[in-house]
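Asker: My questions concern the predicted model and sequence given below.
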Number of protein chains: 2
Amino acid sequence: MELTDRQKLILTLIIHEHIRTAQPVGSRTIVEQYDLSMSSATVRNEMAALTEYGLLRQPHTSAGRVPTEEGYRFFVGNLVQKSGLPTTTRRTIAHQFYQSRQDVEQWLRLAASVLANQSQAASLVTAPHSEKTIFKHLELIATRGRQVLMVLVLMGGEIRQQFISLAEPVSQEQLSAIAAEISTLCVRCDADQMARIRPQLDALGEDILNVLLAEMALTEESATGEIYLDGMTNVLSEPEFAESEEARQALHVLEERSLLENLLASTVMNTDVGGIQVLIGGEGTWNELRQCSMVLSRYGDPNTLTGSVGVLGPIRMPYDRTISTVRFVANVLSDLVSETLAV
Amino acid sequence: MELTDRQKLILTLIIHEHIRTAQPVGSRTIVEQYDLSMSSATVRNEMAALTEYGLLRQPHTSAGRVPTEEGYRFFVGNLVQKSGLPTTTRRTIAHQFYQSRQDVEQWLRLAASVLANQSQAASLVTAPHSEKTIFKHLELIATRGRQVLMVLVLMGGEIRQQFISLAEPVSQEQLSAIAAEISTLCVRCDADQMARIRPQLDALGEDILNVLLAEMALTEESATGEIYLDGMTNVLSEPEFAESEEARQALHVLEERSLLENLLASTVMNTDVGGIQVLIGGEGTWNELRQCSMVLSRYGDPNTLTGSVGVLGPIRMPYDRTISTVRFVANVLSDLVSETLAV
DNA sequence: TTTTAGCACTCTCAATCTGAGAGTGCTAAA
DNA sequence: TTTAGCACTCTCAGATTGAGAGTGCTAAAA
């Protein structure tokens, strides 16, 4: 399938017009709308060809054309020009990060918010997460009776906390001593290396080490860090989701963490950092996403800490702009990670 | 307005039937459905009276009756019997908490999930938060160059983290020393008391103290802890939200944190721990909630740590069951807080 | 060979009309 | 005080219609 330049032009115009109006696009409309120097009949002939190729489709005999998923895919793959975001927009976004609090959580929240607002769709951001969890620091804090709060800091700034119920009460001094001991023994160790210090610990220390290792294993198991969502309600404004049943399916993917983690694990996680992945209409695999598209990217430091950012919206999505936005936000986050978190 | 027992019965039946079917309820329907020993004409007379009182309303002349918001309010205030959850349900829920990880975040997430599933509505849970922030422990961790990760543990297990950019690089040993010094000097201090140790610190220590105090002030300012949401998509299944525009308004309240915090601050936060607050149709105050109701409660330890739990659903909500569920979950969380977090 | 004007044809959509059905309020009798 | 009976009202689903939009095809023009 080799398209002529004119066919590419017409496909592009139809997609633009359809994104703008959410309506089927007729031959006359685009001739008038875009001042084409050809007649509507010519356009009709080209449209017939594009329909033949499976890039357009007619909802019914006497309606205009609508891009098929294949049509969008061709558009994203071949016709989208990598425009980049307007400078003013970049400035606005950068400024927001600049004056936000110096706190990973805030950054991620902000990233989600920026994505949602810029793309008027639902957005998701996962916290930076490393495939291999490396110990950095342990803190034990006596709370009530035999309850101890364990705070575990991992390389890359991930913090995990958990309660431990001890067999008998232990003083804060004693706890601090153990925490300090484990902390110095294990700096920059992974779970396997840490397991080897067991002989050097007393009974209490061993109990704590066990919980610690379990927690690290759990962290390592999960494919992504914490997930931040925003702009779910934006999706509800789109005409294709006027029937809320359609919207329910789409948003369910974001709400059901396990589903979302699977999705991310098998898509973005295979992409290079900085690369963009576009899923159109679920790509035949993700049934819940039949009505929507996602634009995803990976940010961070390829070998150590990475996370995902992305946007979920209707298939009829302004891909060029959305892709630019996702790419830009991913870059901003990459910079922040390498400035503050990198090992 | 004093209702006869028969009027109360009929109001109750109409509400039950309407909750079940989401349709206006006719006089014949409830006579047949509930085997009433009176004729439909009698019921009609009573319905006319209840309509007069403003507890019922007719969508149009020849339709059945629908409860008004006032009707629901009367029902919730006077007719709901405090049934409590079935024992098996209680067991199931308790079991889920029992076998979850020992981690506040997990508990809260689970609480939100349980609420959402049990009530088939959207749920929200805020992390326990105290009006007065009390220092417990400080940790400083060197990351990259002049960047330092500050981890602040507050009484009650709240953890705040933030990056600090120092003027010049400082070794981990030095950082640990300062952290230990501040930690021992300030245990159980509030921000005011902490400010007084400033003279005992060197320049670096002062810088850190400043960030620390700013962070504590910020925490104290915010009315609630972290917010966990779940079941947003449940709301989309309800027939009153079939038009997604209606749903958008409702869910927007949950998504827009500042809105939600305001709402919580001016409702549940004035309730006693263990008390239940029911907002029906926005109560004239909350415009965005005109189409929905919320059932809210407060959990925790009244004098120190409290958080909110609640459910958002359509006005046509099974209040008795929802109230029981919210109350039960609030109690479970209160127990967990007092067992592990209380001061 | 390619493009275009012209035209018959198809299909949707909004507007209008219709009758069935559900539910009411009123009245008069039980 | 309750109830049977009945006229009346209003909605809702289905059928019908005409206008409008858009197409595909054909034959003429470039």
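Answerer: Now that the structure is in, tell me what you want to look at. Treat the numbers as computed from the prediction; the structure is a model and nothing was measured.
Asker: check contacts around the closest residue to DNA strand D within the stretch 101-250 of chain A.
Answerer: Closest to DNA strand D within the stretch 101-250 of chain A is A:E243: 15.4 Å, counting by Cβ to the nearest atom of the strand. (Glycine included, C-beta is placed from N, CA and C.) Contact analysis of A:E243 by Cβ atoms under 8 Å, 6 or more residues apart in numbering or on different chains lists B:A242, B:S244.
Asker: Just the pLDDT at it, thanks.
Answerer: The model reports A:E243 with a pLDDT of 85.
Asker: May I have the beta-bridge partners of it?
Answerer: In this entry, A:E243 is beta-bridged to B:E243, by DSSP bridges.
Asker: Leaving out sequence neighbours, find the closest residue to the closest residue to DNA strand D within the stretch 1-150 of chain A.
Answerer: Of all residues in the stretch 1-150 of chain A, the one sitting closest to DNA strand D is A:G26 (3.0 Å; Cβ to the nearest atom of the strand). Among residues not flanking A:G26 along the chain, A:G64 sits closest, at 3.7 Å (Cβ to Cβ, 6 or more residues apart in numbering or on different chains).
Asker: Name the nearest residue to the residue in the stretch 151-300 of chain A that DNA strand C sits nearest to, sequence neighbours excluded.
Answerer: Per Cβ to the nearest atom of the strand, A:P239 is where the stretch 151-300 of chain A lies closest to DNA strand C, at 12.2 Å. Distance criterion Cβ to Cβ, 6+ apart; nearest residue to A:P239, sequence neighbours excluded, is A:A22 at 4.9 Å.
Asker: before we move on, what about A:A247?
Answerer: A:F241 (3.8 Å).
Asker: again with A:S324
Answerer: A:L85 (4.8 Å).
Asker: before we move on, back to that, so what's the residue count around the residue of the stretch 151-300 of chain A closest to DNA strand C?
Answerer: 12 (other Cβ atoms under 10 Å in any protein chain shown).
Asker: do the same with A:V273
Answerer: Neighbours around A:V273, by other Cβ under 10 Å: 18.
Asker: which stretches of the stretch 201-343 of chain A have low pLDDT?
Answerer: Where the stretch 201-343 of chain A drops to pLDDT under 70, the residues are A:342-343.
Asker: Which positions in it make contact with chain B?
Answerer: Contact residues, the stretch 201-343 of chain A versus chain B (Cβ under 8 Å from any Cβ of the partner chain): A:218, A:230-233, A:236-237, A:241-245, A:247-248, A:251-252, A:255, A:339-342.
Asker: Show the buried residues in these.
Answerer: A:230-233, A:236, A:241, A:244, A:247-248, A:251-252, A:255, A:340-342 (16 or more other Cβ atoms under 10 Å in any protein chain shown).
Asker: Okay, and which of those map to strands?
Answerer: Applying DSSP state E to those, the entries found in strands are A:D230.
Asker: farthest pair in the buried ones among the residues of the stretch 201-343 of chain A next to chain B?
Answerer: Maximum pairwise distance in these, criterion Cβ to Cβ, is 43.2 Å, between A:S244 and A:A342.
Asker: Let me know the secondary structure of the residue nearest in space to the middle of chain A.
Answerer: For chain A, A:V309 is the residue whose C-alpha lies nearest the centre (Cα atoms, centre = their mean; 2.7 Å). Classification of A:V309 by DSSP: H, G, I helix; E, B strand; the rest coil places it in strand.
Asker: right, and it touches A:A330 too?
Answerer: Yes: taking contacts as Cβ atoms under 8 Å, A:V309 lies within contact range of A:A330: 5.1 Å.
Asker: Give me the common contacts of those two.
Answerer: Contacts common to A:V309 and A:A330, judged by Cβ under 8 Å, 6+ apart, are A:S297, A:R298, A:Y299.
Asker: Just the ones in strands from the residues you listed, please.
Answerer: Short answer: these in strands (DSSP E) are A:S297, A:R298, A:Y299.
Asker: count of neighbours near the closest residue in space to A:R321 that isn't next to it in sequence?
Answerer: The spatially closest residue to A:R321, leaving aside those adjacent along the chain, is A:S119, at 7.3 Å (Cβ to Cβ, 6+ apart). A:S119 has 25 neighbours, counted by other Cβ under 10 Å.
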